[in-house]
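Peer 1: A predicted structure for the sequence below; I have some questions about it.
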Amino acid sequence: MLTIERLLRLKKYPLDEAIAELKRLQALSKEEYLHWQEKKKWELVRFHHEHNPLYRKLVGSYLPNSWNELPIVTKKDLQRNPELLISEGMKKVDLHLGSTSGSSGIPLKFARDKFSHAITWALILDRYHNVGISSSDLQARFFGIPLAKSAYYRERIKDLLMNRYRFVVFDISDAALDGFVQKFKTTPFRYLYGYTNSQLTFARHLKKKGLTLKEICPTATCSIVTSEQCTAEDKVFLEDVFQIPVYNEYGAAEVAFLAMTDPMGVRRLSNETVLTEVLNEDRTETEEGQTGRLIFTNLFNTAMPFIRYEVGDYGAIQTDPMQIQDKLIDLQGRLNDTVMLPSGKVAAGFSLYYVSKHLMSTFGYIQEYQVQQLSLSKFRFCIVTDRELDNSAVNTIQTAFDTYLEKGLEIEVEKVQFINREKSGKLKHFISHLSQGGK
């Protein structure tokens with residue numbers, strides 16, 4: 001078995017140093033921590049202003065004296081060739097490279113220096129340990145998977161090596177969910193991890209069958225929901241049907257692991273690695289406990305300037321006078337609908353992310369996208385892109401839908417200048433206009 005710790009060490013990430021630094025920070029008093037945070041954030045700003053051309057351009061020739069005068073960085077600011085955004089003097093061998101899902105409408109390639117990536121993983125492992133999970137525990141993974149052969153088998157091999165079994169969420173019809181039940185009956189999973197909407201669908205199926213997860217899989221100890229908003233009502237329902245604790249994970253791939261509920265049910269911010277701000281629409285700070293735009297600063301990433309970075313979510317925080325990890329008491333992120341298809345197949349709305357990834361590999365660049373289901377067989381695909389959509393591009397979109405949903409769907413492609421967002425600030429990548437009866 002290849003645990004994440006072993007993998008990071010094999011790839012020369014300084015995990016041991018990161019774990020030591022994390023423990024040092026967690027041993028600080030709140031006053032000591034706040035002093036460290038203030039010093040650390042300005043060290044980061046000065047580094048990027050000196051070594052990162054993009055950040056220097058965003059800030060201007062001179063640094064302001066006030067933190068609130070620094071610019072808010074958005075995905076659009078960073079949506080370009082990442083090699084042009086990486087701080088001077090950094091080599092590819094020193095970096096961790098990745099990309100966002102594009103589920104918020106704007107895919108983004110990003111880079112972190114290796115220590116920044118290592119301390120992010122040190123924090124994830126720490127939070128998981130707090131809820132009784134280790135990296136060697138068998139995971140039931142509710143995620144999608146690329147369907148291109150090479151990428152598909154690469155993910156399957158990775159799952160095998162990392163001791164996890166993937167329940168692919170492209171098909172969550174009753175027949176597919178019956179297969180999920182049988183797998184849980186015969187496999188000693190330790191915990192569930194994955195999309196909120198897909199776990200809710202599985203829980204509803206169990207409830208309809210008069211089953212609980214704990215009775216079909218006694219080894220399961222908890223579930224972690226991620227990537228999609230999990231409301232308080234959703235959490236209560238999942239815990240009732242699963243009969244195990246449900247923990248809510250919140251992150252943004254490009255920034256960091258941002259928050260997770262602790263064993264007491266409190267969603268703790270990742271203050272060890274991230275500075276969190278909540279701003280009004282006029283960019284002033286909200287009163288404590290009031291909901292506003294969530295702004296994050298990765299305090300360790302020297303590769304790219306994720307400083308006062310806006311992820312597109314709204315939320316509220318409450319200061320903890322004792323612990324260094326403050327509380328995220330409100331989060332208004334994305335909610336995903338379910339895709340219902342003429343064949344009777346049902347798929348998670350997040351399946352459309354894999355359509356977008358397919359298109360990205362063909363087009364090379366998509367600014368924003370949104371899929372709307374108008375009827376069982378008809379979809380509107382709205383796309384913001386600089387290139388013209390010729391017949392070849394339209395055919396590519398049709399092929400993507402054929403591959404990831406099913407053949408025979410009518411796809412209306414519309415090139416638009418912009419896509420309206422929700423009140424929460426998120427751009428939903430999928431919206432269903434079907435009634436509850438599916439018509």
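Peer 2: Structure's in. What do you need? Model, not experiment: these values are computed from the prediction.
Peer 1: Pull out the buried positions in whichever strand or helix holds Ser356.
Peer 2: For Ser356, the element it lies in under DSSP states H and E is helix 351-363. Neighbour-count burial for helix 351-363, counted by 16 or more other Cβ atoms under 10 Å, picks out Ser351, Leu352, Tyr353, Tyr354, Val355, Ser356, Lys357, His358, Leu359, Phe363. Just so you know, the C-beta spots here come from the backbone N, C-alpha and C atoms, and that holds for glycine as well.
Peer 1: Make JSON lines from those and add distance to Thr3 to it.
Peer 2: Below are the buried residues of helix 351-363 laid out as JSON lines (distance: Cβ to Cβ, whole Å):
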{"residue": "Ser351", "distance to Thr3": "29"}
{"residue": "Leu352", "distance to Thr3": "32"}
{"residue": "Tyr353", "distance to Thr3": "27"}
{"residue": "Tyr354", "distance to Thr3": "27"}
{"residue": "Val355", "distance to Thr3": "32"}
{"residue": "Ser356", "distance to Thr3": "31"}
{"residue": "Lys357", "distance to Thr3": "27"}
{"residue": "His358", "distance to Thr3": "31"}
{"residue": "Leu359", "distance to Thr3": "34"}
{"residue": "Phe363", "distance to Thr3": "37"}
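Peer 1: Could you identify the most distant pair in the residues you listed?
Peer 2: Greatest spacing in those, by Cβ to Cβ: Ser351 and Phe363 (18.9 Å).
Peer 1: picking up where we left off before, looking at the buried residues of helix 351-363, spot the one nearest Val266.
Peer 2: Taking Cβ to Cβ as the measure, Val266 sits nearest to Tyr353 out of the buried residues of helix 351-363, at 29.8 Å.
Peer 1: Was I right to think that closest one contacts Ala400?
Peer 2: No: in this structure, Tyr353 is not within contact of Ala400 by Cβ atoms under 8 Å, at 11.3 Å.
Peer 1: what sits up against the helix-or-strand element of the chain with minimal mean pLDDT?
Peer 2: Every helix and strand in the chain was compared by mean pLDDT, DSSP states H and E; the lowest is helix 351-363, with a mean of 73. The contact list for helix 351-363, computed with Cβ atoms under 8 Å, 6 or more residues apart in numbering, reads 101-103, 107, 144-148, 169-170, 339, 366, 369, 371, 385, 387, 393, 396-397, 399-401, 403-405, 429-430.
Peer 1: tell me how far it is from the chain's mean position?
Peer 2: The gap between where helix 351-363 is centred and where its chain is centred comes out at 17 Å by Cα atoms, centre = their mean, to the nearest Å.
Peer 1: Kindly format the C-alpha coordinates of the helix holding Ser356 as CSV.
Peer 2: The C-alpha coordinates for helix 351-363 follow below in CSV (Å, rounded to 0.1, in the frame of the first residue of the first chain):
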residue,chain,number,x,y,z
SER,A,351,-20.6,14.7,-13.8
LEU,A,352,-20.6,17.8,-16.0
TYR,A,353,-17.2,18.7,-14.6
TYR,A,354,-15.8,15.7,-16.6
VAL,A,355,-17.5,17.1,-19.7
SER,A,356,-15.7,20.4,-19.1
LYS,A,357,-12.3,18.6,-18.6
HIS,A,358,-12.9,16.8,-21.9
LEU,A,359,-13.5,20.1,-23.6
MET,A,360,-10.5,21.8,-21.9
SER,A,361,-8.2,19.1,-23.4
THR,A,362,-9.7,19.8,-26.9
PHE,A,363,-10.2,23.6,-26.8
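Peer 1: Please tell me how far Phe257 sits from Glu69.
Peer 2: Going from Phe257 to Glu69 by Cβ to Cβ, to the nearest Å gives 28 Å.
Peer 1: brain fart, Gly265
Peer 2: Using Cβ to Cβ, one obtains 37 Å as the distance from Gly265 to Glu69.
Peer 1: And the longest helix along the chain, what's buried?
Peer 2: Across the chain, the longest stretch assigned as helix under DSSP state H is helix 30-51. Using 16+ other Cβ under 10 Å as the test for burial, helix 30-51 gives Tyr33, Trp36, Gln37, Lys40, Lys41, Leu44, Val45, His48, His49, His51.
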